[in-house]
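predicted model follows, preceded by the sequence.
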Amino acid sequence: MPTIGPGPTGVRGRFAPTPSGRMHLGNVFSALMAWLSVRSAGGTLVLRIEDLDPRAQDRTVAARLVDDLVWLGLDWDEGPFFQSERGELYDSAIARLTAANLTYPCFCTRSELHAATAPHASDGTYLYQGTCRNLSAAEVTRRSKRRAPATRLRVPLAKDPAGTITWSDLVFGPQREVLARECGDFLVRRSDGVTAYQLAVVVDDALMGVNQVVRGRDLLESSARQIYLARLLGFNEPCYAHVPLLVAPDERRLSKRERDLDLGSLRARGIRAERVTGELAAAAGLVDRGCEAAPSELVGSFSWDKLAAQRGNIVVDERFLHRLLPLPR
Ligand code: GLU
């Protein structure tokens, strides 16, 4: 299949936030690293709002997210693009996969899936057992009357080399994943009609000419599915850089639920943006701890080698918080 999208002209990176709440420190860390990587290479940055899920389609939340990026000193060159406005592009990619007999309808309910297998810890991925892979046409018709199906992509059997994906991550180094063992046939469209993240992200990155994907470590394993989809659709494969996660001292991820560390709360407390970006840059090994630094002042000290030397989770402990929040908490 032909390659679609602009050819690479220098680094083209992206911010791809999901507007499900206010940005927290982990999102800020990923955004800062994506920005520094692009700006230090003189490249182009695209802003894409990942509002596929109807629950993420509140434009006020998206506007606050955009305002937080500006407050942090992070700018972009193209966008914002909204995934909720790009449904036809995803539909046509799914239609191409379906025409090539690479998809099938899946009628499994959420509880059936959960009963059959335990999700992996990091990103909620589970190994699909192939329950609906070989349903007869008559069975599909019969079940479709009762329930709208999801759409799954067939992945090659474990022994087929096409289903073993190898790639090199700029931070985490060489990776290898056998799709049939890690996730099995995966969703490209949910049963409620919403396009699956894996499909949308591949279509968007390709059509937006993105050649460098920077995001949190929790999505490292998704890369194999995305590379496989890009190959099937004839797209260029981007390079990947997964950045460490920010975690609480007990290694739990700092999530959007920990409201006291989201940007709404930090801004309300009068914390300066330079303090936030300086402390996160220090955690990445770019500058000394405890200094304030705007993103534009960090461009010269950025390198992926420094990040690669610091792969472990970034622990947001009392000392970190004390440097970030010098006021009484
Ligand atoms: N939208 C995802 C998030 O906010 C990121 C997806 C990606 O970078 O591929 O976590």
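Alright, I've got the coordinates. Residues are numbered from 1 along each chain as shown.

list the contacts of Gly163.
Gly163 makes contacts with 155-157, 178-180, 228, as judged by C-beta atoms under 8 Å, 6 or more residues apart in numbering. All C-beta atoms are positioned from the backbone trio N, CA, C, and that covers glycine.

quickly note the distance from Cys291 to Ser37.
Distance of Cys291 to Ser37, given as C-beta to C-beta, to the nearest Å: 21 Å.

more neighbours, those two?
Neighbours per residue (other C-beta atoms under 10 Å) separate Cys291 from Ser37, with Ser37 holding more: 23 against 14.

and this protein, which residues reach the ligand?
16-18, 50, 201, 215, 219 (C-beta under 6 Å from any ligand atom).

ok so, going back, filter the contacts of Gly163 down to the buried ones, PyMOL style.
Here is the PyMOL selection string for the buried members of those, based on 16 or more other C-beta atoms under 10 Å:
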select buried, resi 155+178+179+180+228
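
between the contacts of Gly163, which is nearest His242?
His242 lies nearest to Tyr228 out of the contacts of Gly163, by C-beta to C-beta, at 17.2 Å.

pLDDT score for Ala56?
Here the pLDDT value assigned to Ala56 is 88.

looking at this structure, which helix or strand does the model trust least?
helix 110-116 (a mean of 82; mean pLDDT, DSSP states H and E).

next structured bit after it?
Counting by DSSP states H and E, the element after helix 110-116 in chain order, helix or strand, is helix 137-144.

packing partners for that following helix?
Helices and strands touching helix 137-144, by 3 or more C-beta pairs under 8 Å, 6 or more residues apart in numbering; DSSP states H and E, are strand 103-106.

just checking: what are the partner strands of the strand it packs on?
Strand pairing for strand 103-106, determined by DSSP bridges: strand 150-153 (antiparallel).

next secondary structure element downstream of the partner strand?
With DSSP H and E, the next secondary element past strand 150-153 is strand 164-169.

okay, buried residues for that next one please.
So, applying 16+ other C-beta under 10 Å, buried residues of strand 164-169: 164-165, 167, 169.

over to stretch 61-69?
Buried residues in stretch 61-69 (16+ other C-beta under 10 Å): 61-62, 64-66, 68-69.

and the contacts of it?
15, 17, 19-23, 31, 47, 49, 51, 75-76, 80, 82, 263-264, 267.

and for stretch 150-160?
Contact with stretch 150-160 is made by 94, 97-98, 102-108, 128, 132-133, 162-163, 178-181, 183-191, 228-229, 232, as judged by C-beta under 8 Å, 6+ apart.

next: stretch 252-272.
If you take C-beta under 8 Å, 6+ apart as the criterion, stretch 252-272 is touched by 20-26, 28, 64, 68, 71-72, 218, 245-248, 276, 292, 316, 324-325, 327, 329.

between its first and last residues, how far does that stretch reach?
Distance between the boundary residues of stretch 252-272 (C-alpha to C-alpha, to the nearest Å) amounts to 26 Å.

check the offset of it from the chain's centre.
Distance of stretch 252-272 from the chain centroid (C-alpha atoms, centre = their mean, to the nearest Å) equals 20 Å.

same question, stretch 98-113
In terms of C-alpha atoms, centre = their mean, the centre of stretch 98-113 is set 23 Å apart from its chain centre.
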